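Visitor: Kindly generate the corresponding structure for this input.
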Amino acid sequence: MRILVLGFTGYLGRHVVERLRALPGTRVLGGGRSAGAEFGIDLATARPDTLAKALASAAPDAVINCAGATGGDAVTLAEVNSRGPAVLCAALREAAPSARLVHLGSAAEYGPGTRGIRVTESAATRPLTPYGATKLAGTITITTSGLDAVVLRVGNPVGPGAPLTGLPGRVAGLLLASGGDPDAVIRLGDLSAHRDFVDVRDVARAAVLAATAPAPLPRVLNIGSGSAVPVRDLVAALTHVAGFPGRVEEKGGGSARSAEVSWQCSDIGAAGDTLGWRPSYTLDASLAALWAAVREGPSPRLDGGRAP
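Guide: Okay, the predicted model is just below:
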């Protein structure tokens, strides 16, 4: 089975590739903007006809699209998260119409949740940020493409290799930079929001299951832990794992999204029923793996929050 992974050197893509390489009988193909890509593909700028030629050459049985932008201005987000899936669908229809497409969406597409309620795939989508809106546009394009496609709406991924553009990776970097100074102070914004954290390795397993499962699949599946965790608890657990002797101060403010989306939690029952998928890592295990990776070397830097 030939599986093309777009954004294969990014945070999520690297874990997907690692998972696929352990799958017998699978030929893993890397596509993206990095110099080492077997197929040089930039979904933000690629023309459909040019991309179709690349896909025809790759001849994939499945494509896992891990390419996406989590940061940058609205134009960058739209180019990568909205235009990217559109040009990919157009090229796939021409070059590999029978290939399975697995696209990594985001729980941010749902917008603010209701405290105590796990959101299902049929819930209304009300994104409040350009990131959530552009991810939703990509999802709509894919789910109406007519292709054999599924969107995995991923909660907040955490674990080894977490980028500095996300809170877990940023806090881990700050803890490392503190050097064990007992007088160190890490100043963060408001940490009162609740988020559904899921280990990046569990996300990768879900993507591989979705790529190899018999058709048809639901158009959208939630991938999360099914639990809402206070962000403050995550930071406290990470400082504990790191043995941080200093203190953390909340200065209020923080991101507008955290203030407006105070609760986020996904119902993951459909992924269990369809793929037999359940999260396998506890949050403590994810944070321990994150800290171990940070200590071994610097976290990979992403260009404006884009998977290379």
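Visitor: Give me the distance between L283 and V208.
Guide: 22 Å (Cβ to Cβ, to the nearest Å). For every residue, glycine as well, the C-beta is placed using N, CA and C.
Visitor: The two: which is more packed in?
Guide: Set L283 next to V208 and count neighbours by other Cβ atoms under 10 Å: V208 wins out with 25 against 21.
Visitor: Packing partners of the helix or strand hosting that one?
Guide: Under the criterion of DSSP states H and E, V208 resides in helix 200-212. Secondary-structure packing of helix 200-212 (3 or more Cβ pairs under 8 Å, 6 or more residues apart in numbering; DSSP states H and E): helix 11-21, strand 62-65, strand 100-106, strand 148-154, strand 156-158, strand 220-223, helix 269-275.
Visitor: and the last one, average pLDDT?
Guide: So the one you mean is helix 269-275. Throughout helix 269-275, pLDDT has a mean value of 98.
Visitor: wait, doesn't V235 sit right on E249?
Guide: No: taking contacts as Cβ atoms under 8 Å, V235 lies outside contact range of E249: 11.0 Å.
Visitor: who's more crowded, those two?
Guide: Of the pair V235 and E249, V235 is the one with more neighbours under other Cβ under 10 Å, namely 21 against 9.
Visitor: in the host helix or strand of the more buried one, what counts as buried?
Guide: Using DSSP H and E, V235 maps to helix 231-242. Across helix 231-242, burial judged by 16 or more other Cβ atoms under 10 Å covers 231-232, 234-235, 237-239, 241-242.
Visitor: how near is the nearest residue to P130 once chain neighbours are set aside to R295?
Guide: Using Cβ to Cβ, 6 or more residues apart in numbering and skipping the chain neighbours, the partner closest in space to P130 is A74 (4.3 Å). Distance of A74 to R295, computed by Cβ to Cβ: 36 Å.
Visitor: Export the buried residues of helix 231-242 as a markdown table, with columns for distance to V261.
Guide: Below are the buried residues of helix 231-242 laid out as a markdown table (distance: Cβ to Cβ, whole Å):
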| residue | distance to V261 |
| --- | --- |
| V231 | 11 |
| R232 | 15 |
| L234 | 16 |
| V235 | 18 |
| A237 | 21 |
| L238 | 21 |
| T239 | 24 |
| V241 | 26 |
| A242 | 27 |
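Visitor: Of the residues you listed, which is the nearest to V63?
Guide: Distances from V63 to these, taken as Cβ to Cβ, are shortest for L234 (32.3 Å).
Visitor: roughly how far apart are that closest one and V203?
Guide: Separation of L234 from V203 (Cβ to Cβ) stands at 17 Å.
Visitor: same question, W263
Guide: According to Cβ to Cβ, W263 and V203 sit 21 Å apart.
Visitor: Who has more neighbours out of those two?
Guide: Shown here are W263 and V203; by other Cβ under 10 Å, V203 has more neighbours (27 against 16).
Visitor: That one touches N156, doesn't it?
Guide: No: using Cβ under 8 Å, V203 is not in contact with N156, being 10.3 Å away.
Visitor: Now do the buried residues in the helix or strand hosting V87.
Guide: Here V87 sits within helix 84-95, counting by DSSP H and E. Buried residues in helix 84-95, counted by 16+ other Cβ under 10 Å: 84-92, 95.
Visitor: pLDDT averaged over that helix, what's the number?
Guide: 98.
Visitor: ok, now stretch 245-264?
Guide: Averaging the model's pLDDT scores along stretch 245-264 yields 77.
Visitor: Span of it from start to end?
Guide: 31 Å (Cα to Cα, to the nearest Å).
Visitor: again, but for stretch 30-48
Guide: 19 Å.
Visitor: which parts of it are buried?
Guide: 30-34, 37-39, 41-44, 46, 48.
Visitor: do the same with stretch 122-140
Guide: The neighbour-count check on stretch 122-140 (16+ other Cβ under 10 Å) flags 123, 125, 127, 129-140 as buried.
Visitor: what's the closest of those to A162?
Guide: For the buried residues of stretch 122-140, the nearest to A162 is Y131 (17.0 Å; Cβ to Cβ).
Visitor: Contact partners for that closest one?
Guide: 69-70, 77, 81, 106, 108, 257 (Cβ atoms under 8 Å, 6 or more residues apart in numbering).
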